[in-house]
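1. Here is a sequence together with a model predicted from it:
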Amino acid sequence: MNILFDLDGTIIDPGDGIIKSYSKALVALGHQDKITLDMSWVVGPPLRKSFATILPEEMVEEAVAKYREFHAQGGLKEAVLYDGIADIIAQLNDTGHQLFICTAKNVPFARQNIEQFNLEGYFTEIYGSHLDGKFDDKAELVGHIIDTHGLNKSETIMIGDREHDIIAARKNGINGIGVLWGYGKEEELSNAGAHILVENPGELLKVVVDS
């Protein structure tokens, strides 16, 4: 099986670092009024997309740049691994599955997170968005991975915690598995068309093995 793993909200919990960096960017641009009590909605979607929902179009690129500046200074390293997920990744790799990272996070940041937790040896390649905005659309990124590696769609799945992971899978004709330990809710993932929902990493292993 070829397995495309989302990163944020699926393998790691990056919430504190992302929200702090996002909030600092808003403050730097004079838009602290956009900071609310619950900012968890910014974890997962592409940066440009989330900033575009609350800022004028002409400010989006500057906001992205400010976010990356603050995130590189410290927010990136605040991520933590979800309990049990590293063991599941190791078991999937050891049993012959081909694993990829498929994330909305830009590639350099994603690579740093993977290396931070010593997971780089388990993945064939780390794919994410580019600094110039290429592959901000996760459906395009999934398609790129499938085409680049000549993956058989019937033997390929996408695993993620948000609706854009599931929608990207469906647009590319592969099954999307929604995980419930991240930032997406059951209703969000079900409405997006998740093939199946799993509540913990142990259950994920069983689902993949039975696929």
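-> Perfect, I can see it now.
2. Can you report how many residues neighbour the closest residue to residue 54 other than its chain neighbours?
-> With sequence-adjacent residues excluded and distances taken as C-beta to C-beta, 6 or more residues apart in numbering, residue 54 is closest to residue 34, at 4.8 Å. No exception for glycine: its C-beta is placed from N, CA and C like everyone else's. Residue 34 has 17 neighbours, counted by other C-beta atoms under 10 Å.
3. Quick check: residue 34 touching residue 53?
-> No - using C-beta atoms under 8 Å, residue 34 is not in contact with residue 53; the gap is 9.7 Å.
4. what does stretch 180-197 rub up against?
-> Residues outside stretch 180-197 that contact it (C-beta atoms under 8 Å, 6 or more residues apart in numbering) are 8-10, 13, 15, 40-41, 43-44, 82, 157, 160-167, 169-170, 175-179, 198-201, 207.
5. sec struct for residue 132, please.
-> The three-state assignment at residue 132 reads coil, by DSSP: H, G, I helix; E, B strand; the rest coil.
6. What does the pLDDT read for it?
-> The model reports residue 132 with a pLDDT of 81.
7. For it, list the residues it contacts.
-> Residue 132 neighbours (C-beta under 8 Å, 6+ apart): none.
8. how close does it get to residue 139?
-> From residue 132 over to residue 139 the distance is 18 Å, taken as C-beta to C-beta, to the nearest Å.
9. Residue 167 too?
-> For residue 167 relative to residue 139 (C-beta to C-beta), the value is 7 Å.
10. ditto for residue 5
-> Distance from residue 5 to residue 139, by C-beta to C-beta: 16 Å.
11. From the recorded domain assignment, give the ranges for the chain.
-> Annotated domains of the chain cover 2-13+79-210, 15-78 [automatic domain parsing].
12. Please identify the most buried of the ones you listed.
-> Of these, the one with the most neighbours on average (mean count of other C-beta atoms under 10 Å) is domain 2-13+79-210, at a mean of 19.
13. what about residue 112, which helix or strand?
-> Assigned by DSSP states H and E, residue 112 belongs to helix 107-116.
14. Helices of the protein, start to end?
-> 15-28, 47-52, 60-73, 85-94, 107-116, 138-149, 163-171, 186-192, 201-210 (DSSP state H).
15. I would like the residues contacting the first one, please.
-> With C-beta under 8 Å, 6+ apart as the test, helix 15-28 has contacts from 8, 32, 34-35, 39-40, 42-43, 50, 63, 66-67, 69-71, 74-79, 183.
16. Which neighbouring elements make contact with the lowest-mean-pLDDT helix or strand in the chain?
-> Lowest on mean pLDDT, DSSP states H and E among the helices and strands of the chain sits helix 201-210, with a mean of 87. When contacts are defined as 3 or more C-beta pairs under 8 Å, 6 or more residues apart in numbering; DSSP states H and E, helix 201-210 sits against helix 85-94, strand 175-179, strand 196-198.
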